[in-house]
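A.B. asks: What would the 3D arrangement of this be:
(chains A and B)
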Amino acid sequence: MSASVLHRPGDSPVHRLPPQVKVVAAFGAVLAVVATPREAFWAFGLHLLVLAAVWALAGVPVGWLARRALIEVPFVLLALVLPFTGGGPRTEVLGVSVSVDGALAGWNILVKGTLGVLTSLTLAATTHPRDIVVGLQRLHAPRLLTTIAGLMLRYAEVIAAEARRMRTARICRGHDPRFLWQAGATARGIGVLFLRSYERGERVHLAMLARGWTGALPAPQGARVGVRRWLAGVSPALLVAVVAGVGLWTA
Amino acid sequence: MTTVAMHASDGLLDAPTSVLFGAVAVAGLAVAVAGSRRDLDDRTAPLAGLVAAFVFAVQMINFPVLPGVSGHLLGGALAAILVGPWVGALCVSVVLVLQALLFADGGLTALGANITNMALLGTAAGFGVAMLLRRLATRSRAGLVGVAFAAALVNTVVAACGFVLEYAIGGQGAVSLGGFAAALVGVHVLIGIGEGVITALTVGAVAGARPDLVYLLRRRAPLREVTS
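C.D. replies: Predicted coordinates for the structure are as follows:
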């Protein structure tokens, strides 16, 4: 898992949108999806249409998104169990007795979870990880948090590669990683990994001091984003919110 | 082998509950930011960044819980014992935020709940247990390993209980709360035992090589000494 595996570089209007706008739009859209009443089936279709329009604009293939949405599978399993375990009035579907309430609850988790994952994937696909951190910074997240996040992104791949090399080295020396017997070796590996990470952190700190570190990274100056750019950027989220509002009103 | 995604997705909690726990997470993070400054001063960012990268890498290591089910480390108790509760909570939070934004792992609206459970509640409970048993931990290596096991087990179970609480407030499933709680906590006791074993052995390995780096074993004014 590389630190930027989900990013698809591109030059579409969606890619060029300032990251802080995209982060706000993603959070707003998912919140509106979650607020949509579960009985408003048509609303979820419209939500998906809005997302599909964004994909078309960004040039992200649907198949690419669908494959990566599989991360959600454990929750889908939960959603599939609910119709059979739920209480309340029951109905017959294809000769099998299912709970109405349970089926609605399962549908609710399935559709909202899927739309949520697809929204996150759209954000991740069109925004470079570094830019997401810049976006959070421009949204006035605490400087300490964004600095930690930036450094984490920069070093995650280094540390993960170190972990892989240590595993390869263990296997080369006759280690047989299976079930519980790997716990001891894995844990010692994690211990060494922590020491190397921490000591690397100390070296990085000294290197930063030598380059004039004052306790905060300089924030990249972005051009101010105008009201129209903001409105254009969050317009999909606004659409989703309007659909959710109508759903709530008619429910 | 299927992997259990341990981060809650969108749609499990209703919108008001999601917003409520978003606010709880923001407040908790503000406290953790203030606390970690006391612990680390200007070294906070580089060290915490590397520790966060470490937590991120560790979460990629899966271990078997039941045949066919594997969990991965949450790393909350591990981070709290090694670098202290404030920096630990910050690192786990940053990992969760980036996992949600970059890897679609855990829903955006569930982010507040996930941070509250895993980074704040879990880390605080794990570290609380470790502090209560600190006498034992400083006495011998075996004591330290035992304390680390207990802290990680409590960390995992408390994180699961946090989600049960959120589910009780604004859950969207049609299962009874009792059944849901029993299933979730039951699975997380098993995950917690795995987490406990790995955490205990890891802390033991670090204490063997650099006991000065284990936060729990330090006396006063941690991390003030000049490092070369």
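
A.B. asks: In chain B, where is pLDDT below threshold?
C.D. replies: For chain B, the stretches flagged by pLDDT under 70 are B:1-6, B:40-44, B:61-72, B:173-175, B:219-228.

A.B. asks: Go through it and flag its longest helix.
C.D. replies: In chain B, ranked by residue count with DSSP state H as the criterion, the top helix is helix B:177-209.

A.B. asks: Who are the packing partners of it?
C.D. replies: helix A:183-210, strand B:62-66, strand B:69-72, helix B:76-83, helix B:141-170 (3 or more Cβ pairs under 8 Å, 6 or more residues apart in numbering or on different chains; DSSP states H and E). C-betas here are computed from N, CA, C, even on glycine.

A.B. asks: Buried deepest among these, which one?
C.D. replies: helix B:76-83 (a mean of 32; mean count of other Cβ atoms under 10 Å in any protein chain shown).

A.B. asks: would TSV of the helices and strands packed on helix B:177-209 with distance to A:Trp249 be doable?
C.D. replies: Formatted as TSV, those follow (distance: least, Cβ to Cβ, whole Å):
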stretch	distance to A:Trp249
helix A:183-210	52
strand B:62-66	45
strand B:69-72	42
helix B:76-83	42
helix B:141-170	21
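
A.B. asks: Of these, which is nearest A:Leu49?
C.D. replies: helix B:141-170 (27.6 Å; Cβ to Cβ).

A.B. asks: Can you give the distance of that closest one from its chain's centre?
C.D. replies: Put simply, helix B:141-170 sits 8 Å off its chain's centre (Cα atoms, centre = their mean, to the nearest Å).

A.B. asks: related to what we said a few turns ago, okay, buried residues for the longest helix of chain B please.
C.D. replies: If you call a residue buried by 16 or more other Cβ atoms under 10 Å in any protein chain shown, then helix B:177-209 has these buried ones: B:180-181, B:184-185, B:187-188, B:191-207.

A.B. asks: The helix or strand containing A:Val30 close to chain B?
C.D. replies: Secondary structure assignment for A:Val30, by DSSP states H and E: helix A:19-35. Yes - against chain B, helix A:19-35 shows contacts by Cβ under 8 Å from any Cβ of the partner chain at A:23, A:26-27, A:30-31, A:33-35.

A.B. asks: After that helix, which helix or strand is next?
C.D. replies: In N-to-C order, the element after helix A:19-35 by DSSP H and E is helix A:41-58.

A.B. asks: So which residues make contact with that following helix?
C.D. replies: Identification of contacts with helix A:41-58 by Cβ atoms under 8 Å, 6 or more residues apart in numbering or on different chains yields A:10, A:12-15, A:29, A:32-33, A:36-37, A:61-62, A:65, A:111, A:115, A:118-119, A:122, A:125-126, A:236, A:239-240, A:243-244, A:246-247.

A.B. asks: For ChimeraX, write the selection for the buried entries among these.
C.D. replies: This is the ChimeraX syntax for the buried subset of the contacts of helix A:41-58, where burial follows 16+ other Cβ under 10 Å:
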select /A:12,14,15,29,32,33,36,65,111,115,118,119,122,125,126,236,239,240,243,244,247
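
A.B. asks: per-domain residue ranges of chain A.
C.D. replies: Per the record, chain A has its domains at A:13-135+A:225-250, A:141-210, by automatic domain parsing.

A.B. asks: From the opening residue of the shortest one to its closing one, how far?
C.D. replies: I take that to be domain A:141-210. Length of domain A:141-210, first residue to last, Cα to Cα, to the nearest Å: 27 Å.

A.B. asks: Same question for the longest helix belonging to chain A: list its buried residues.
C.D. replies: In chain A, with assignment by DSSP H, the single longest helix is helix A:143-172. Neighbour-count burial for helix A:143-172 flags A:144-160, A:162-163, A:166-167, A:170 (criterion: 16+ other Cβ under 10 Å).

A.B. asks: what subset of the residues you listed is also close to chain B?
C.D. replies: For chain B, the contacts drawn from the buried residues of helix A:143-172 by Cβ under 8 Å from any Cβ are A:144-145, A:147-156, A:158-160, A:162-163.

A.B. asks: helices or strands next to the helix or strand containing B:Leu50 in the packing?
C.D. replies: Element membership of B:Leu50, judged by DSSP H and E, is helix B:44-58. Secondary-structure packing of helix B:44-58 (3+ Cβ pairs under 8 Å, 6+ apart): helix A:143-172, helix A:183-210, helix B:15-40, helix B:76-83, helix B:85-103.

A.B. asks: quick one: it to helix A:183-210, angle?
C.D. replies: 150 degrees (axes from the mean of the first three to the mean of the last three Cα atoms, to 10 degrees).

A.B. asks: buried ones in helix B:44-58?
C.D. replies: Neighbour-count burial for helix B:44-58 [16+ other Cβ under 10 Å]: B:44-58.

A.B. asks: Assess the claim that A:Val234 and A:Ala26 are in contact.
C.D. replies: No - between A:Val234 and A:Ala26 no contact is recorded; they are 9.7 Å apart, counting by Cβ atoms under 8 Å.

A.B. asks: Tell me which of those two has more neighbours.
C.D. replies: Between A:Val234 and A:Ala26, A:Ala26 has the larger neighbour count (other Cβ atoms under 10 Å in any protein chain shown), namely 24 against 20.

A.B. asks: That one - nearest residue in space that isn't next to it in sequence?
C.D. replies: Distances taken as Cβ to Cβ, 6 or more residues apart in numbering or on different chains put A:Leu123 closest to A:Ala26, at 4.4 Å, once the chain neighbours are dropped.

A.B. asks: Show me what the helix or strand hosting the one you found packs onto, helices and strands only.
C.D. replies: If you go by DSSP H and E, A:Leu123 is part of helix A:100-126. Here helix A:100-126 touches helix A:13-16, helix A:19-35, helix A:41-58, helix A:62-68, helix A:73-85, strand A:90-93, helix B:85-103, going by 3+ Cβ pairs under 8 Å, 6+ apart.

A.B. asks: Alright, I will stop here.
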